[in-house]
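Enquirer: pasted the sequence and its predicted model underneath.
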Amino acid sequence: MRAAIYVRVSTPKQTENQTIEQQIIRLKTHIEEQGWILKTDHIYRDDGYSGANLNRPGLDSLRDRAAFTEFDIVLVTDPDRLSRNYVHQMLLMEEFERHHIRVEFLERPMSDDPHDRLLLQIRSAVAEYERTLIGERMRRGRLMKYRAGQLLPWGRRPYGYQLDAERPRDPAGVRLDKAEAAIVAEMFAWYLETGGTLYRVAKRLNKLGVRTPMGKKGWQTSSIRGILTNPAYTGTAYANRLRTVPAQQRLSALQPVGSGHSSVIRPKEEWIPIPVPPIVSEEIFERVQVKLAQNQKAASRNNKRHPYLLRGLVSCGHCRLSATGRTLHRKYHYYICHGRRNPLHTFRKQPCTARYAPASQLDELVWQDLCQVLSDIEIVRHALERAHGGHWAPQELQARLKNLETGKKQLALQQERLLEAYLAGVVELAEFERTRQVLAQKQEVLEQHFAQLRTKTARRTELVETITSIEAFCIQVASILDHASFAQKRQLVELLIDRVIVTDEVVEIRYVIPTQPEEPHTPFCHLRTDYRSSAAWLQRHHERSRVALAASATTRWKTRKG
């Protein structure tokens, strides 16, 4: 039997203590005792990820490969390792069952008996209830201490303050760090100067050799913004000011979101004020907030005066950052990698060396390739078939299913004859048991192959339906390609192209195809943790409003210039 194992720990401390390695050793030992087969790439692990949500890279990989039934059983030490949420746990169990994959827990073995399944559900519900109850009690307890002025809302001290070493969360122990407080006051003053920007403030601090709050040498503009927008420097720290939400944006479309969470500001009436020593006046703080808002609106990235067809869609193939449109000397238009900017802006030690991409040539190249894709449905058909992992004709699939059905019936007939022979006294009990186990093993293998083939048949049916809808879409838009205006071209580009990746003279175009036009437009790069070309991932997500082509169009720029 082919096995896979899944292990998880929640905190970095558990990772340091190597508890995840202990889980792996226990699971491997059990697999060896059972005589199962475990491949190295079927060990899925999540170090430092909470079991309260499903956004875990190791779990995603496990679910991806389960879609192709590459293993027969998933072994986990405890149900809590799989998920601490009852609904999520049941969702995962049902998903594995649909692919005919059994889930077994080492510490709490379960069978298909209804009582065992009920017990698993009760345990999962109780674990989720306990986790929620503990979290709610801790949240309410913190709020009560905030309102009583007994607790600081700081997980890490803000730059410019010192805390009591023995009671770091006690508001009574907060005092100013004279040197750092003077630097903070200067930062506000520098930014309010004529021509003051976050970049200039960071450059000035680096030139003076001032250390960052983390003790590093180089300041980043994001750190400057965090200080200039912190209201604690006016003399009031606020608890319950931020709340955590799922992350919506990433540094670059070719890079993962990261932790998957970000913070947003709550309504001001929900803030809980806690007095601390002030560093700047409220008037100066408000003037800085006004200037920050004005500078953000006037930022070069918000310049939409020039008609860049691929605005917001181009990425650099070298450093994986976005490339923005820029006009030089009022007549030369380029897409320039964000990584070429000063390291203060890009959080990198060295600037990217990618060349400037002429905007007019790149726009024309991509538009011509898009027209070719829409004019030749075979390109889309071939890419979708390859994404779904096969080119089998329906007749071949049905023939293979029929052969498996015949084999299953033959095995069932042999089992009946074996039982009749045993009842008639022709076969001894030992021989009967041995032969029955052999036939049962063959029956199990045929059932697995039959389930896999049925899954492939269903995917093939879905693929045919998708291609039919895509053909109708291509016919619908083909009539406007030759005489499309810039606005129409821009609409088609936004709808059908997710990213254009430029690597020197090579241009890679990643297309997406709409399958449900009534759904809202969402960039495909926001629907995934990171770009992956596996057909399993595409199969899991193609039900959404847009589906990615596995084979991106790649064109040599030199052959398409001019």
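Expert: Received the coordinates, thanks. Numbering: from 1, shown residues only.
Enquirer: doesn't His333 make contact with Thr327?
Expert: Yes - counting by CB atoms under 8 Å, Thr327 does reach His333; the two are 5.3 Å apart. All C-beta atoms are positioned from the backbone trio N, CA, C, and that covers glycine.
Enquirer: list the residues that contact both of the two?
Expert: The contact sets of Thr327 and His333 overlap at His306 (CB atoms under 8 Å, 6 or more residues apart in numbering).
Enquirer: okay, those two: which has more neighbours?
Expert: Counted by other CB atoms under 10 Å, Thr327 and His333 do not tie: His333 has more neighbours, with 20 against 14.
Enquirer: pLDDT weak spots in the stretch 401-550 of the chain?
Expert: 401, 453-473, 513-550 (pLDDT under 70).
Enquirer: again, 80 this time
Expert: 401-408, 411, 422, 426-427, 441-480, 482, 495, 512-550 (pLDDT under 80).
Enquirer: show me where it has helices.
Expert: For the stretch 401-550 of the chain, the helices identified by DSSP state H, counting those that start in this stretch occupy 429-478, 486-496, 535-541, in order along the chain.
Enquirer: from Trp36, how far out is Arg81?
Expert: Distance, Arg81 to Trp36, by CB to CB, to the nearest Å: 19 Å.
Enquirer: more neighbours: those two, which one.
Expert: The neighbour comparison of Arg81 against Trp36 (other CB under 10 Å) goes to Arg81, with 20 against 16.
Enquirer: what helix or strand is the nearest residue in space to that one that is not next to it in sequence located in?
Expert: Distance criterion CB to CB, 6 or more residues apart in numbering; nearest residue to Arg81, sequence neighbours excluded, is Arg8 at 5.0 Å. Assessed by DSSP states H and E, Arg8 sits inside strand 2-9.
Enquirer: least confident secondary structure element in the chain?
Expert: Least confident element among the helices and strands of the chain, by mean pLDDT, DSSP states H and E: helix 535-541 (a mean of 33).
Enquirer: setting aside sequence neighbours, what's the nearest residue to Trp154?
Expert: In this structure, Trp154 finds its nearest non-sequential neighbour in Ala237, 7.1 Å apart by CB to CB, 6+ apart.
Enquirer: name the SS class of the one you found, please.
Expert: strand (DSSP: H, G, I helix; E, B strand; the rest coil).
Enquirer: same question for Tyr308.
Expert: With three-state DSSP as the basis, the three-state label of Tyr308 is coil.
Enquirer: bridge partners for the closest residue to it other than its chain neighbours, pull those for me.
Expert: Counting by CB to CB, 6+ apart, Gly325 is the residue found nearest to Tyr308 once chain neighbours are left out, at 3.7 Å. Going by DSSP bridges, Gly325 is paired in beta bridges with Tyr335.
Enquirer: what comes up buried for the longest strand seen in the chain?
Expert: As assigned by DSSP state E, the longest strand anywhere in the chain is strand 37-47. Residues Leu38, His42, Ile43, Tyr44, Arg45, Asp46, Asp47 are the ones in strand 37-47 that count as buried (16 or more other CB atoms under 10 Å).
Enquirer: how about those residues in a markdown table, adding distance to Glu95 and pLDDT?
Expert: Shown next, in a markdown table, are the buried residues of strand 37-47 (distance: CB to CB, whole Å; pLDDT from 0 to 100):
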| residue | distance to Glu95 | pLDDT |
| --- | --- | --- |
| Leu38 | 21 | 92 |
| His42 | 17 | 91 |
| Ile43 | 20 | 92 |
| Tyr44 | 14 | 92 |
| Arg45 | 19 | 90 |
| Asp46 | 17 | 88 |
| Asp47 | 23 | 86 |
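Enquirer: let me have those in JSON lines, extended by distance to Ile134.
Expert: Below are those laid out as JSON lines (distance: CB to CB, whole Å):
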{"residue": "Leu38", "distance to Ile134": "35"}
{"residue": "His42", "distance to Ile134": "34"}
{"residue": "Ile43", "distance to Ile134": "31"}
{"residue": "Tyr44", "distance to Ile134": "28"}
{"residue": "Arg45", "distance to Ile134": "26"}
{"residue": "Asp46", "distance to Ile134": "21"}
{"residue": "Asp47", "distance to Ile134": "23"}
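Enquirer: so in terms of bridging, what pairs with the residue nearest to Val245 when sequence neighbours are not counted?
Expert: Excluding its sequence neighbours, the residue lying closest to Val245 (CB to CB, 6+ apart) is Val264, at 5.4 Å. Residues found in beta-bridge contact with Val264 (criterion: DSSP bridges) are Arg243.
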